[in-house]
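> fold the following and give me the result.
(chains A, B and C)
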Amino acid sequence: MSALLDVRGLVVEYPGAGGAVRALDGADLTVAEGETVGLVGESGSGKSTLGAAAGRLLSRAARVRAGSVSVAGESLLEMGSREIRRVRRERLGFVFQDPISHLDPTMRVGAQLRRAVAGRTKGGDIAAHLERVRLDDVRRIARAYPHELSGGMAQRVAIAMAMAARPRLLVADEPTAALDSQVREDVLDVVFGLAAEAGTGILWLSHDLPAVARRCDRVAVMYGGRVVEDGPAAEVLARPSHPYTAALARSAPGKAERGERLEPVPGRPPVLVGEPAGCAFAPRCPMADDRCAGERPVPVRIEGRDVLCHRAEETGAAVEIVPAVKR
Amino acid sequence: MRKAIRGLDRLSRAGLACLLVLVLLALVPLTGLAGDPDEIAGPRLQPPGPEFWMGTDNLGRAMLPRVLEGIGTTLLLSSAAVAVTAAVSTGFGVLAGYRGGAVNGLVMRLVEVLYAFPAIILAILVAAVMGPGRPAALAAIVLVTIPLMTRLVRGAAAGVAGRDYVTSAVISGARLPRVLGRHVLPNVAGTVAVQGTYALSVGITVEGGLSFLGLGVQPPQASLGSLIAEGTGYLVAAPWLVSGPGAVLVVAILSINVFGDGLRDRLEPRETRSLV
Amino acid sequence: MRLLLWWGGRALVSAATLLGVSILIFAAVRMMPGGFAETVLGPFATADQKAALAEQYGLDQPIPAQYWHWLSAVVTGDFGTSMISRTPVADELGARLPVTAELTLIAIAVALLAGVPLGVLTAVRARPGGGGAAGRLLSGLGVSVPEFVLAALTVFLFSRYALGLRAGGHVPFGEDPAGNLRSMILPALVLSIFALSATARTTRDAVLNVLVEPYVTAAVARGERPSSIVLHHVLRNAAAPVVTLTATIAAYLLGGALIVEYAFNLPGIGSFIVQAITRRDYAVVQAGVLLAAAVFIVMNMLVDLAVGLIDPRLGTEAGGK
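This next block holds a predicted model:
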C-alpha cells in the first residue's frame, strides 16, 4: 500500500543575499493512513518548510529544486491549481501555531466555521462542530470575533475548521506552542482524539519531545533540511541512533530527572548555501571524522529505523548518552 | 545614502537620472548659451522648427530659453521650500515624538489644523494673505508639505524613543543633543528622505497650480506653471506653448515620484503571496 | 459602548480641529491687505457703512470678542457680503454648489469604481520584487500629471476633435440633462485621474498587506478559491486604508475642482473663489476656504466612523496597533 503522504528527496531553496539558502536538502518522509508522526528538530531545521510542502503551501519565494510530494498517491507538485485546491479541501487539514492571527479578524467565528464546513461537506451544524472540539457555550463563541477568544479557544475553533471534512492527513505546525501548559494537553487530547475517531493521519511539527514520545507512533528528526532519524517515537527518543537525536533528547526539558543538568545542543544549526559536501551535522558532532566532513551520508536501516549517519552501524541503537562534547 | 541609491532598481535610477538632467538643464541659462528668455527673438507664435526648437510665444520670445528658465525657477522654489519643510518637520516631529506628552499633543493639533486644508486651497489662502508672487508660492509649499512629513517623522522618532539603546544612553548620562544626534536623527533620516522626494513633487505641483491660477510666479519671470498659464490662452493656435513646459513638468514630477517609490521600496521591502 | 466612546472622542477631536481652522482663517483675514472692514464691505464702503459694521461685529471690542462675533455669525450661515455682487456670500456659494457637487461626485465615483478593482487586481497578480516597470510607470504617471496640464491637453484635443463631448462651458442640468452630462464628463474625468491612481495605489498596498496575513494562508490551506478568498477575507480587511483615503481624496478633489472649473470655465464654487482672489473679494475667499476645510474635517470624521464599523477590533484593547 502506498503511503498517505510520501515526500521523496525534496530540495527547496529560498533566495538569499549570499545565494540561495537550502531549507530542505533532500528530505524523505512518509506518513501512512491513520499514522501519527512527530516531526522534531531545532528552529531552522526545515520542519516548517516540510510541513508546508505537504500541502504545497510553500511561500512564493521558495523554489523546489528536486524531489516529489504526493498525497494519497497524487503528486502535488505537477498539479494544476484546481486539483491542488481539491486535495486541500478533501484530503488535508492544517492547524497553525498562532491560532488568533490565523482567523479572519473581521468575521464572526461562526461565519468562518460555516464557510469552512460548507466548502468541504454538505451543510452540517456548526454547533456540533464546536462541541466536537469540546468548547462550551458554543452559541456565544459562534457570535464572537477572533480577538474576543482566548488562544486555546481559538485553536479549538481552528481545529474544528481543519477537521470539518474528516481529512485524511492533518498537518499541525506547533499548534500548542503559543498556549499555556494546561490548555496544551487539552488541545492535544482534542486533536489526537478527533484524528483517531476519523482515521486521520497526523503530521505534528513540535519542539515537545516528551509529548511526541507519548502520543506519536513515529518520530522523524530533522537536521539541516534532511530527516536524519526516523522510527518508532518512544524508542527513538529513549535510545537515539543519530548523534543529533541524542543531543536533542539531552536538551529536552521534562525528560530529565530532577536535578539532572539539561545540555543544550552546542553550536548553531547551519544555514546551507548549496549542497553541503558531507554530513550537515558534522561541525557540531562529537563523533565526526574525516568521512563525515567529505561524504554525504545515505539512510541506513537499523533496528526498524532509518538513520542518516556514517557511524550509525557502530553506534547501533545506542549513541552513548553522554559523549564528550566539543565546545 | 550612496548604498540606498546603489540598491535601487532600474526604473528608480532612471527617475534620478532624469532629475539630474533637469537640474543640469536649469543651469544652462547661466552659461548664456541658450539665449535671453526675455528677448523678442522672432515672429509671434512660431511653431517649433530648426530655428526655434520649442517655437515662440505670443510676444515672439523663444520658448527654449524660457522653459529652461522655468525649470530653474520651479526647481529652485520647490527645493528651497522642501528644505525649509524638512528642517521644520524634523525639528517639530523629533521634539513631539521623542518628548511625547503635552508637546506632542500641541504639535499634533497644529499639524492637524494645517492638514484640514486641501493643498491648493491652503496655497490660495497664503497667496491671498501675502499677495501673489514667489514668496507666497514658497510659503504655500512649506505649509502644504509640513503636516505629512511632521506626522511621519514624529512616528519614526516615537518608535526610536522607546528602544532599549536610547533608554540606556539616557540612563548612562548622555545629554539630549547627543541622544538626538546619535540615535534619533539617524533613524528618522530615511523617513525624511522618502517624504522629502514626495514633498518635492507636491511642491512642484503646488507651484504650478498657483502660477496657473495667476497667484504664483508673476510674469515676465518664467516658471513651468506660469508658462503653462500663459500658454492656455493660445491653446488652439499654438499648442506647443503648453505642451513644451507641460511635458517637462510631468517628466519632473514623474521622475521624482518614481525615485521616491524606489527609495521607499528599498527602505521598507515587502513580501507578496500567491493565492494558489 | 466602547465604540461609542471612541466615536465621541473622534468627534471632539474634529470639533477642536475645526475650531483651530476657524482661528487660522480669522487671523488670515485680519492679516489680509485692507483689513476686516474692507474684506467684508469692499474698498468703496462709506464711513457710515464702516461704522455700522464696526458696531455689528464689535470691531472696537478686544480681538477674542471679535472672533466670537465672527464665529457666531458664521455658524448661523452669515459669511458676509460679496463685494462684487453685493449679495450675501452664502447665496452666491449656494447657487454654484450644484456644479461643484456634480463634478466632484462623478470624479469620486469614477475613482472608486475603477481604482479599487484595479488595485485589487494588480495586488493579487503582483510578483515578488514589485511590479513590472511599465505598470509602475503608468501608476506613477497617474499621480504625476497635474490637473492644469491634463485640462489644457483635454481642452486642446476636444476643441479640435469634439467627439460629441464639450470641453469648456457649462449647460445647466435643468435645461438639458444630456447636454449637461456632455459638458461635465471631460472635466470630471480630468479631475478623477489623480484620485483614481491614488485609490488604485492605496488599494494595492492595502491588499498586498492583507495577502501576507496568516488568515489568508489558512484560507489557502483550506483549499478556498482565490476569488472567494479575495471576496470574503481580503476586501473587508483591506478596506480601512481605502475608506480613510476617500476623505483625503474628497479634500483633494475640492482643491482640484477649483483648477478644473477654472480651466474648463465652469461656474462652480472653485472658479468663483479664484475669481474672488483676483478681484480681492475676500469675504468669498474666507467662506470658501472655511467651507472646504469643514467638508474635509467632517468627511474625516465620517470615514473614521465607517472604519469603526469595518474593523471590530477598533475601540478595544486589541485595536491599538
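> in terms of contact, does C:Leu112 touch C:Thr246 like I think?
Yes. In this structure, C:Leu112 is within contact of C:Thr246 by C-beta atoms under 8 Å, at 7.2 Å. Heads up, the C-betas are built off the backbone N, CA and C, glycines and all.
> low-confidence ranges, chain A, go.
A:1-2, A:119-124, A:253-264, A:315-327 (pLDDT under 70).
> next up, the contacts around the residue nearest the centre of it.
Among the residues of chain A, the one closest to the centroid is A:Leu205, at 2.4 Å (C-alpha atoms, centre = their mean). For A:Leu205, the contacting residues are A:39-40, A:47-48, A:51, A:171-174, by C-beta atoms under 8 Å, 6 or more residues apart in numbering or on different chains.
> secondary structure element for it?
With elements delineated by DSSP states H and E, A:Leu205 resides in strand A:201-206, which encompasses its position.
> give me the sheet partners of that strand and which way each runs.
Here strand A:201-206 is paired, per DSSP bridges, with strand A:36-40 (parallel), strand A:169-173 (parallel).
> helices of chain A, residue ranges please.
With DSSP state H as the criterion, chain A has helices at A:47-53, A:81-90, A:109-120, A:126-132, A:138-143, A:151-163, A:181-198, A:209-215, A:233-238, A:243-251, A:290-294, A:312-315.
> quick one: closest of those helices to A:Pro99.
helix A:151-163 (3.8 Å; C-beta to C-beta).
> other residues contacting the closest one?
Taking C-beta under 8 Å, 6+ apart as the rule, helix A:151-163 contacts A:93-96, A:99-100, A:102-103, A:109, A:112-113, A:116-117, A:129-130, A:132-135, A:141, A:146, A:149, A:170, A:175-176, A:178-180, A:183, A:186-187, A:190-191, A:194-195, A:198, A:200, C:218, C:222.
> equivalent analysis for stretch C:194-207, please.
The contact list for stretch C:194-207 (C-beta under 8 Å, 6+ apart) reads C:107-108, C:110-112, C:114-116, C:118-120, C:122-124, C:126, C:139, C:141-143, C:145, C:147, C:234, C:238-242, C:245, C:248-249, C:252-253, C:256.
> ok, then the element right after the helix or strand harbouring C:Leu71?
Taking DSSP H and E as the definition, C:Leu71 sits inside helix C:63-75. Downstream of helix C:63-75, the first helix or strand assigned by DSSP H and E is helix C:89-124.
> and that following helix with chain B, contact?
Yes. Judged by C-beta under 8 Å from any C-beta of the partner chain, helix C:89-124 comes into contact with chain B at C:Val124.
> show me which residues of the stretch 201-321 of chain C sit near chain B.
C:208-209, C:211-212, C:216-217, C:220, C:226, C:229-230, C:251-252, C:254-256, C:258-259, C:262-263, C:273-274, C:277-278, C:282, C:285, C:288-289, C:292-293, C:296-297, C:300.
> out of the residues you listed, which end up buried?
Buried by 16 or more other C-beta atoms under 10 Å in any protein chain shown: C:208, C:211, C:216-217, C:220, C:226, C:229-230, C:251-252, C:254-256, C:258-259, C:262-263, C:273-274, C:277, C:282, C:285, C:288-289, C:292-293, C:296-297, C:300, out of these.
> restricted to helices, list these.
In this view, those that belong to helices under DSSP H are C:208, C:211, C:216-217, C:220, C:226, C:229, C:251-252, C:254-256, C:258-259, C:262-263, C:273-274, C:277, C:282, C:285, C:288-289, C:292-293, C:296-297, C:300.
> go back to those and keep what's next to chain A.
C:217, C:220.
> so how far is chain B from the closest residue to A:Ala54 other than its chain neighbours?
Nearest residue to A:Ala54, sequence neighbours excluded (C-beta to C-beta, 6 or more residues apart in numbering or on different chains): A:Val171, at 5.1 Å. For A:Val171, the distance to chain B (C-beta to the nearest C-beta, to the nearest Å) stands at 18 Å.
> what's around A:Val171, how many residues?
28 (other C-beta atoms under 10 Å in any protein chain shown).
> show me what it is bridged to.
Beta-bridge partners of A:Val171, as defined by DSSP bridges: A:Phe94, A:Leu203.
> that one contacts A:Arg56, doesn't it?
No. When contacts are counted by C-beta under 8 Å, A:Val171 is not listed as touching A:Arg56 (11.5 Å).
> which helix or strand in chain C has the lowest average pLDDT?
The weakest-scoring helix or strand in chain C, judged by mean pLDDT, DSSP states H and E, is helix C:35-41 (a mean of 63).
> tell me how far the next helix or strand after it is from the chain's mean position?
As assigned by DSSP H and E, the chain's next helix or strand after helix C:35-41 is helix C:47-57. Its chain's average C-alpha position is 36 Å from that of helix C:47-57, according to C-alpha atoms, centre = their mean, to the nearest Å.
> show me what helix C:47-57 is packed against.
Helix C:47-57 makes packing contacts with helix C:35-41, helix C:63-75 when contacts are defined by 3 or more C-beta pairs under 8 Å, 6 or more residues apart in numbering or on different chains; DSSP states H and E.
> burial of B:Gly70, as a residue count?
If you count neighbours by other C-beta under 10 Å, B:Gly70 ends up with 28.
> out of the helices of chain A, which comes closest to B:Pro245?
Proximity to B:Pro245, assessed across the helices of chain A by C-beta to C-beta, is greatest for helix A:81-90 (50.4 Å).
> kindly report the domain assignment for chain C.
Domain assignment for chain C by automatic domain parsing gives C:16-75, C:96-320.
> where does pLDDT dip in the stretch 101-250 of chain C?
Looking at the stretch 101-250 of chain C by pLDDT under 70, you get C:128-132, C:161-169.
> and the residue of it that's closest to chain A?
With C-beta to the nearest C-beta as the measure, C:Gly223 is the residue of the stretch 101-250 of chain C nearest to chain A, at 3.3 Å.
> how about that residue, secondary structure?
Under DSSP: H, G, I helix; E, B strand; the rest coil, C:Gly223 falls in the coil class.
> also the one 10 residues further on?
When classified by three-state DSSP, C:His233 comes out as helix.
> give the closest residue to it in space, chain neighbours not counted.
In space, C:His233 is closest to A:Asp104, 5.0 Å off (C-beta to C-beta, 6+ apart).
> burial of that neighbour, as a residue count?
Neighbour number of A:Asp104 under other C-beta under 10 Å is 25.
> repeat for C:Ala45
16.
> where does it land on pLDDT?
pLDDT, C:Ala45: 71.
> quick one: C:Ser22 and C:Val75 touch, right?
No. Under the criterion of C-beta under 8 Å, C:Ser22 is not in contact with C:Val75, lying 9.4 Å apart.
> who's more crowded, the two?
Per other C-beta under 10 Å, whichever of C:Ser22 and C:Val75 has more neighbours is C:Ser22, with 19 against 9.
> chain neighbours aside, what residue packs nearest to the more buried one?
C:Leu71 (6.1 Å).
> and A:Gly199, by the same measure?
Using C-beta to C-beta, 6+ apart, the closest residue to A:Gly199 is A:Gly34 (4.9 Å).
> that neighbour touches A:Gly201, doesn't it?
Yes. A:Gly34 lies in contact with A:Gly201 (C-beta under 8 Å); the separation is 5.5 Å.
> looking at the two, which is more packed in?
Counted by other C-beta under 10 Å, A:Gly34 and A:Gly201 do not tie: A:Gly201 has more neighbours, with 22 against 16.
> next, count neighbours for B:Ala189.
As a burial measure, B:Ala189 scores 15 neighbours (other C-beta under 10 Å).
> what about it, helix or strand, and which?
Here B:Ala189 is assigned to helix B:185-212, by DSSP H and E.
> helix or strand right after that helix?
Using DSSP H and E, the helix or strand that follows helix B:185-212 towards the C-terminus is helix B:224-232.
> mind telling me which residue of chain A is nearest chain B?
For chain A, C-beta to the nearest C-beta, closest residue to chain B: A:Ser81, 4.1 Å.
> thank you, goodbye.
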